[in-house]
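**Q** make a model of this:
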Amino acid sequence: MPFGDRGPLKSIIDREKMILLKRCVACNRPFNLGDPVVLACGAWEGSARLIHENEAVYDAASGNYIERKCYSAKGGKI
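**A** Down below sits the predicted model:
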């Protein structure tokens, strides 16, 4: 079953997710209803987390989203 109706890695913040998540780990801004988010890996410890879509880069080689700062630190070009 896909994560959201926008594809397996994309979703939109609904009320439940907004209350549960509070803030984006990539940019530290609060989530708002309707914000587009992606499941991305980054510099934080642990597994992939939901972050704002504009804070992520899609890596076609791995098929995953990566946090922008992490992607550029690894030598990727944005």
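
**Q** okay, CA-based contacts and neighbour counts for the rest of this
**A** Fine.

**Q** who touches Lys22 in this structure?
**A** By Cα atoms under 8 Å, 6 or more residues apart in numbering, the contact set of Lys22 is 30-31.

**Q** quick check: which ranges of this protein have low pLDDT?
**A** Where the chain drops to pLDDT under 70, the residues are 1-7, 76-78.

**Q** pull the longest strand from it.
**A** Longest strand in the chain by number of residues, with DSSP state E as the criterion: strand 36-41.

**Q** contacting residues for the nearest residue to Ile12 once chain neighbours are set aside?
**A** Setting aside the residues directly before and after it, Ile12 is nearest to Pro36 in space (Cα to Cα, 6 or more residues apart in numbering), at 4.5 Å. Neighbouring residues of Pro36 by Cα under 8 Å, 6+ apart: 10-13, 52-53.

**Q** go again using 10 Å as the cut-off
**A** Contact analysis of Pro36 by Cα atoms under 10 Å, 6 or more residues apart in numbering lists 6, 10-14, 50-54.

**Q** need the next SSE after the longest strand of the chain, C-terminal direction.
**A** Towards the C-terminus, the helix or strand next in line after strand 36-41, according to DSSP states H and E, is strand 49-52.
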